[in-house]
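Visitor: This is the structure alone, sequence omitted:
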């Protein structure tokens, strides 16, 4: 019996060692995109790639067809599958030697890439109050979502976008952190076409266009940024600078906490006596100057009835500048580290009591003036739908002032080329239906060269993906900031014009206007479904070869006739007086002018040669629109006799 057990033990040990050796020798690997649930592009050649042992044979089977290739000297292999019709679910099998990987639940349909900065990042959680009924009932296996993890690379193009990324089917829970624009685009196109839609999100808030371009391309346009990127590519410098900045930030916060009398004096507690504090309107806080470093406190009392005392609730405190720590009766219910996200905090059961309750907000600012943002929701809401509105009057007190936090420059996600290396180029080659590019807020300071950069971006991406005719829908900057009646000279409308010009000059690009979908107080407007609908219109227009009228009225020509300017558009307009037009005088100074639309012509009651439309940061008065669809005319700048 002992000998039998010994033989079994030895055999098991040998099997385990062989299996471990086999696992350690595994070389067959697929990119993150080729994972369960992937959507492959219909009607186009499909480049599929991965890695195996150098020189090893590889077979790829999709449906009933098998394709063979050989890995190169680095182990990389690629096959190009002929165009496929819409289908699914299928299994994609890849084999090399004794190794095999199966990718299941594969569909052939349409694949879209949405990219840019924070307005692509705005997710379903953020826009949920705007479209809650629709999102609550959404669930379909026909729409698949793939979100690329944020990453930077200073040392050239990476081989993949990360092993943790996987495809997800569309539902409220799975899409909660996904791009709202991408979500609505995929859902709409699935309904229109009846085939599976895959949406890839690769975006990073606050990033400039240069981060999404190859470093050599940036060097040809802005040599200084390329030189800076090479300087930051030194890993030891970046490591030390990052550590130093993190240490400085942590110490700054610690010193603030130590010196803030609100922390030691427990200003968040319900029992604290704030009767000597100043009384202020929440939209006019008494803060000296435009910059503030340190902490600032605001408190107000809210009354809860007996029926809701002790219940859990959701607290909405709009949007705040900058960071905040929010308390109810001394309990910390939420914290947000920067100004843009909406504050939606859960108040646990047993925190609220009948009668008087105290809400306290500790603002922490690093160079920004503490403030409540207008036109945002401020209330407490219970599960039964009962809302207790917050008042505009608060008692306020400065906590502690601090010097600005010291920091040293270092390479980060805004450095030229690093997102191309880590988040864009590793996706290719891949077949796509189109790209939505929504970016530019971080480039308004260099708006005059954005047309050249955007043209270079479209060219480099098409080359990377192997699609010279890859369609791009360019979303223009949304209206933002306080509306102004007088003409403005600003990088915001100038960048919109660069976006328009780049799209007009490209046979496979179109522009998506969003100036009428913005919010004066929020750089991240919520109407992302409408933007997605407009992007779909642009893709349909490009698919028709950009023939005929655009989805949005576009200027065709400007003709000077005496004391009038005649502007001809590509389609009939909503007739009557229209606003938002400006004409430059002989000195080059623009002024607002009266205008009337009839048919496809807008007549301006002014002499001059240079004219522009919707040329403001937030051109809320601009109302020129198509007669049939009421969609807005595209902002522009032009000269008389321009074609």
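Guide: Ah, there it is. Keep in mind that this is a model prediction, so the values were computed, not measured.

Visitor: sec struct for residue 149, please.
Guide: coil (DSSP: H, G, I helix; E, B strand; the rest coil).

Visitor: Surely it touches residue 164?
Guide: Yes - contact criterion CB atoms under 8 Å: residue 149 and residue 164 qualify, at 6.4 Å. For glycine as for every other residue, the C-beta is placed from the backbone atoms N, C-alpha and C.

Visitor: Can you pick out the residue with more neighbours from these two?
Guide: residue 149 (13 against 7; other CB atoms under 10 Å).

Visitor: Just give the nearest non-adjacent residue to the more buried one, would you?
Guide: Closest residue to residue 149 apart from its sequence neighbours, by CB to CB, 6 or more residues apart in numbering: residue 162 at 4.8 Å.

Visitor: any idea what that neighbour is structurally, helix, strand or coil?
Guide: Of the three states, residue 162 takes coil under three-state DSSP.

Visitor: okay, now residue 493: neighbour count?
Guide: Residue 493 has 27 nearby residues by other CB under 10 Å.

Visitor: buried ones in the helix or strand harbouring residue 461?
Guide: Using DSSP states H and E, residue 461 sits within helix 450-465. With burial defined by 16 or more other CB atoms under 10 Å, the residues of helix 450-465 counted as buried are 450-451, 453-458, 460-462, 464-465.

Visitor: helix/strand/coil for residue 90?
Guide: Of the three states, residue 90 takes strand according to three-state DSSP.

Visitor: List of residues touching the helix holding residue 461?
Guide: With contacts defined as CB atoms under 8 Å, 6 or more residues apart in numbering, helix 450-465 is touched by 209-210, 212-214, 217, 220-221, 420, 424-425, 427-432, 435, 437, 440, 443, 468-470, 472, 474, 495, 498-499, 501-502, 505-506, 509.

Visitor: Restricted to strands, list those.
Guide: 435, 437, 472, 474, 509 (DSSP state E).

Visitor: Identify, from those residues, the entry nearest to residue 594.
Guide: Set against residue 594, the nearest of these by CB to CB is residue 474 (31.1 Å).

Visitor: show me what contacts residue 290?
Guide: residue 369.

Visitor: Please state the offset of the helix holding residue 461 from the chain centre?
Guide: 19 Å (CA atoms, centre = their mean, to the nearest Å).

Visitor: just use 520 as the starting number from now, easier for me
Guide: Taking 520 as the first residue, the last one we looked at is helix 969-984.

Visitor: and residue 681, how far is that from residue 719?
Guide: Counting by CB to CB, to the nearest Å, the gap from residue 681 to residue 719 is 13 Å.

Visitor: can you list residues touching both of these two?
Guide: residue 667.

Visitor: So these two - more neighbours on which side?
Guide: residue 719 (25 against 15).

Visitor: What helix or strand is residue 546 located in?
Guide: Counting by DSSP H and E, residue 546 is part of no helix or strand.

Visitor: Next, count neighbours for it.
Guide: 14.

Visitor: That one and residue 617 touch, don't they?
Guide: No - the pair residue 546 / residue 617 is not scored as a contact, 10.8 Å apart, by CB under 8 Å.

Visitor: ok, and the closest non-adjacent residue to residue 1068?
Guide: Counting by CB to CB, 6+ apart, the residue nearest residue 1068 is residue 1090, at 4.1 Å.

Visitor: Let me know the pLDDT of the one you found.
Guide: Looking at residue 1090, its pLDDT is 97.

Visitor: What backbone torsions are found at it?
Guide: Backbone torsions for residue 1090, taken as degrees, to the nearest 10, come to phi -160, psi 160.
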